[in-house]
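Here is the input, now give the coordinates:
(one chain, ligands or ions: 1)
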Amino acid sequence: MYDDLIRRIKLEVSPKAIVLDIGTGTGEIPLRISSDVSRIEAVDCSAEMIRRAQDKAIQRGAKNVTFRVQDSTLLPYGSCEFDVVILANLLHVVPMPERVLAEAFRVLRQDGKLIAPTFVHGESPKTRLISWILRRKGHPIHTRFDSSTLKAFVEGHGFVVTQQVLLKNIMPVSFVAARRAPQPGGSAVD
Ligand SMILES: C[S@@+](CC[C@H](N)C(=O)[O-])C[C@H]1O[C@@H](n2cnc3c(N)ncnc32)[C@H](O)[C@@H]1O
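All right, here's what the predicted structure looks like:
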């Protein structure tokens, strides 16, 4: 499933793209797409995750990825800086996903792309049961999206979903790609 996820992300980026990966974990996604893009900033609120990501970057010789400890709701970037923003498996773990989406919207160029593959814990009775067990074991699950509530959530915060595919797994991932919705009275491109 993860290989499929990476393959789909690669299809959405271009060699000139400047990319932000929010909630990067140990940096597997930016490190695996680094040779397909120009430059990547990758942030996570966990210093331990970022330390592991930086070690992996050194081992793999990835020079165009910068890792930072940073909370997703207060990003140190200017508006419209990025061509692509990735939120992979983050929206369901944060208590205020609307604030993460608002920051993603702010830092994304008007014609940029949001890629938000998200575990959909609410997809079926089976996933809800597994999710309940995972949460009891301490997994940080805040919102049990299903495919339609995830799409509605993203579209309710200024984006238009351009692609949505369910990647099947014990816990499926809804692969979502979206663009910023046109601003009323604004041009499509900055
Ligand atoms: C399920 S992991 C996903 C890792 C990676 N994106 C992936 O798909 O392989 C979620 C990550 O989000 C990070 N995270 C949680 N809340 C965050 C926040 N408010 N700001 C930044 N990162 C956060 C966690 O530390 C964790 O590394």
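
which secondary structure elements does the longest helix along the chain contact?
Longest among the helix segments of the chain by residue count, using DSSP state H, is helix 47-60. On a contact count with 3 or more Cβ pairs under 8 Å, 6 or more residues apart in numbering; DSSP states H and E, helix 47-60 meets helix 28-33, strand 39-44, strand 65-69. In short, each C-beta sits where N, CA and C put it, glycine included.

quick one: that helix near the ligand?
Yes. If you take Cβ under 6 Å from any ligand atom as the test, helix 47-60 does meet the ligand, through residue 49.

Now that helix: buried residues?
Judged by neighbour count (16 or more other Cβ atoms under 10 Å), helix 47-60 contains these buried residues: 49-50, 52-54, 56-57.

Now render the residues you listed as JSON lines, adding distance to residue 38.
Converted to JSON lines, the buried residues of helix 47-60 look like this (distance: Cβ to Cβ, whole Å):
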{"residue": "49", "distance to residue 38": "24"}
{"residue": "50", "distance to residue 38": "21"}
{"residue": "52", "distance to residue 38": "24"}
{"residue": "53", "distance to residue 38": "19"}
{"residue": "54", "distance to residue 38": "20"}
{"residue": "56", "distance to residue 38": "20"}
{"residue": "57", "distance to residue 38": "16"}
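
and which of those residues is nearest to residue 68?
Within those, proximity to residue 68 (Cβ to Cβ) peaks at residue 50, which comes in at 6.8 Å.

For the ligand, see how far away the nearest residue to residue 100 once chain neighbours are set aside is.
Leaving aside its chain neighbours, residue 100 sits nearest to residue 72 (4.7 Å; criterion: Cβ to Cβ, 6 or more residues apart in numbering). Separation of residue 72 from the ligand (Cβ to the nearest ligand atom, to the nearest Å) stands at 3 Å.

so residue 72 is in which element?
Applying DSSP states H and E as the criterion places residue 72 outside every helix and strand.

Surely it is in contact with residue 43?
Yes. When contacts are counted by Cβ atoms under 8 Å, residue 72 is listed as touching residue 43 (6.9 Å).

Around the ligand, pick out the residues from this protein.
Residues of the chain lying near the ligand (Cβ under 6 Å from any ligand atom): 23-25, 28-29, 44-46, 49, 71-73, 88-90, 93-94.

residues contacting the residue nearest to the spatial centre of the chain?
Nearest residue to the geometric centre of the chain (Cα atoms, centre = their mean): residue 87, 1.1 Å. Contacts for residue 87 (Cβ atoms under 8 Å, 6 or more residues apart in numbering) come out as 22-23, 72, 100-101, 104, 114-116, 118.

Tell me the spatial nearest neighbour of it, not counting adjacent residues.
Spatially, and ignoring its direct neighbours in sequence, residue 87 is nearest to residue 116 (4.4 Å; Cβ to Cβ, 6+ apart).
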